[in-house]
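> this one's sequence-less:
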């Protein structure tokens, strides 16, 4: 039975690396009801489930876990709340994973209290400690893989992070079920997922490093899309172009004059192409020290480039909007990436949340008319225009008065 609980603890690392409370809730539910309704569960796991302590499977515990799981799922559907959770859930997940493991170790309530407070030695605590460290490691690995998507699209304008969030919900929900019913299968699956994440992270890091080149003057490795070296300020002969999500490509940029503005649109320094970390209009590059938007001529030109894109975006959005229902998602993604993202990523998150929700309610009613022929063709362009007007006004208000 001890071996069974150890397998469960090791396998639980996978679901808990994605969510904290969802797998805890599912595990508690399985411990409470599985022995009664699933006759073909393994004898060892049935014994573990039937002996699970009441502090873990009681009605009040299930209610608390259920509420926390529901809040967790709801929070991960918002880009802004996901950003907040990224700061804390890496530390919450190991704790909840350890609590869950202790909940399936078949101790009576009084024995649990005594062992947890007085008599537990290092050897007794070692399995729980290893599980907590495993969750922390895999959670860190997961954050590293997601980090490449977040850097490129932190407001999730493409919806990729949202899709990944739903996939993780499914994994966190069914992972504990699979673990209890087929623990060995779950361990193998978790190993495959961890291996794929390691490979993905290494590949992304290698690709980012491969995009760097040696400065012709000082030899420092700089981004291929950099306008000049961050160390010696030597100009780059031919900066590389940027991809849709802001990665350095192999071919040179077709428009060197517009290249610094394209770097800023992807939240990169217009000089050395280093990524800006803060959501702020005025900030310094951590590599070369360039002061972003400190030059009013550059700031006004940046807004003018956005204004010049507006008519084209409205026309393309109208074409998407003419396609009932199906055209809505690609149309919204298009105008967000083309118009909104270059402005919103520099607006502090607290203010961006207020702006987002101030227009979201109105859009809910507007979307209801998108399925109507002809009239529906105006829905997405109106959404694009309203969004752009709101975010442009907020962006310009945060610039120095001399730029107005």
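Noted; the coordinates are in hand. The structure presented is a predicted model; accordingly, all values stated were derived computationally and were not measured.
> so where is the stretch 101-250 of the chain shaky, pLDDT-wise?
103-125, 148, 151-152 (pLDDT under 70).
> ok, residue 90 to residue 96 distance?
The gap separating residue 90 from residue 96 is 12 Å, by CB to CB, to the nearest Å. All C-beta atoms are positioned from the backbone trio N, CA, C, and that covers glycine.
> just the helices in the stretch 51-200 of the chain please.
For the stretch 51-200 of the chain, helices defined by DSSP state H, counting those that start in this stretch occupy the ranges 54-57, 59-75, 79-103, 109-114, 122-152, 160-181, 183-210.
> Which positions within whichever helix or strand comes after the last one qualify as buried?
The one in question is helix 183-210. Counting by DSSP states H and E, the next helix or strand C-terminal to helix 183-210 is strand 212-214. Going by neighbour count (16 or more other CB atoms under 10 Å), the buried part of strand 212-214 is 212, 213.
> What's the local residue count around residue 321?
When neighbours are counted by other CB atoms under 10 Å, residue 321 registers 23.
> With residue 290 instead?
For residue 290, using other CB under 10 Å, the count is 20.
> The residue nearest to it when sequence neighbours are not counted and residue 345: what is the separation?
In space, and not counting its chain neighbours, residue 290 is closest to residue 271: 4.6 Å by CB to CB, 6 or more residues apart in numbering. The gap separating residue 271 from residue 345 is 18 Å, by CB to CB.
> How are the strands of the stretch 201-350 of the chain distributed by residue range?
According to DSSP state E, counting those that start in this stretch, the stretch 201-350 of the chain carries its strands in the segments 212-214, 221-223, 240-242, 248-252.
> re the thing from before, contacting residues around the residue nearest to residue 290?
226, 227, 228, 230, 260, 285, 288, 290 (CB atoms under 8 Å, 6 or more residues apart in numbering).
> ok, the fifth one touching residue 270?
What it means is residue 260. Yes - Residue 260 is within contact range of residue 270, at 3.6 Å (criterion: CB atoms under 8 Å).
> So for these two, which residues contact both of them?
By CB under 8 Å, 6+ apart, the residues touching both residue 260 and residue 270 are 227, 298.
> Between the two, which has more neighbouring residues?
More neighbours surround residue 270 than the other of residue 260 and residue 270, with 22 against 19 (other CB under 10 Å).
> mind listing what the more buried one touches?
Residue 270 touches 227, 260, 261, 263, 264, 290, 292, 298, counting by CB under 8 Å, 6+ apart.
> From the residues you listed, list just the buried residues.
By 16+ other CB under 10 Å, the contacts of residue 270 give 227, 260, 261, 263, 264, 290, 292 as buried.
> Pick the one among those residues closest to residue 303.
residue 261 (10.2 Å; CB to CB).
> How is the protein divided into domains?
The chain breaks down into these domains under automatic domain parsing: 2-207, 218-291, 296-403.
> from the chain's centre, how far out does the longest one sit?
When you say that, I think you mean domain 2-207. Centroid separation for domain 2-207 versus its chain: 18 Å, with CA atoms, centre = their mean, to the nearest Å.
> looking at the strands of the stretch 201-350 of the chain, which is buried most?
Greatest average neighbour count among the strands of the stretch 201-350 of the chain goes to strand 221-223 (a mean of 21), per mean count of other CB atoms under 10 Å.
> Parallel or antiparallel, which strands does it pair with?
The strands beside strand 221-223 in its sheet (DSSP bridges) come out as strand 212-214 (antiparallel).
> which one of the strands of the stretch 201-350 of the chain lies closest to residue 330?
Nearest of these (CB to CB): strand 240-242, 21.3 Å.
> for that closest one, packing partners?
Applying 3 or more CB pairs under 8 Å, 6 or more residues apart in numbering; DSSP states H and E, one finds that strand 240-242 contacts strand 248-252, helix 259-265.
> Show me what it is in contact with.
Under the criterion CB under 8 Å, 6+ apart, residues 211, 224-225, 248-254, 259, 262-263, 266, 268 lie in contact with strand 240-242.
> wait, which of those is closest to residue 205?
Using CB to CB, residue 211 comes nearest to residue 205 of those, at 11.0 Å.
> how near is that closest one to residue 285?
Residue 211 is 18 Å from residue 285, by CB to CB.
> And for residue 196?
For residue 196, the distance to residue 285 equals 34 Å [CB to CB].
> got it, and residue 333?
Counting by CB to CB, the gap from residue 333 to residue 285 is 29 Å.
> When these two are compared, which one has more neighbours?
Using other CB under 10 Å as the criterion, residue 333 and residue 285 rank with residue 285 on top: 20 against 17.
> Give me the number of neighbouring residues for the closest residue to the more buried one other than its chain neighbours.
Closest residue in space to residue 285, ignoring its immediate chain neighbours: residue 269 at 4.1 Å, by CB to CB, 6+ apart. If you count neighbours by other CB under 10 Å, residue 269 ends up with 25.
> residues in contact with residue 269?
Applying CB under 8 Å, 6+ apart to residue 269 gives the contacts 263, 275, 276, 285, 287, 288, 290, 292.
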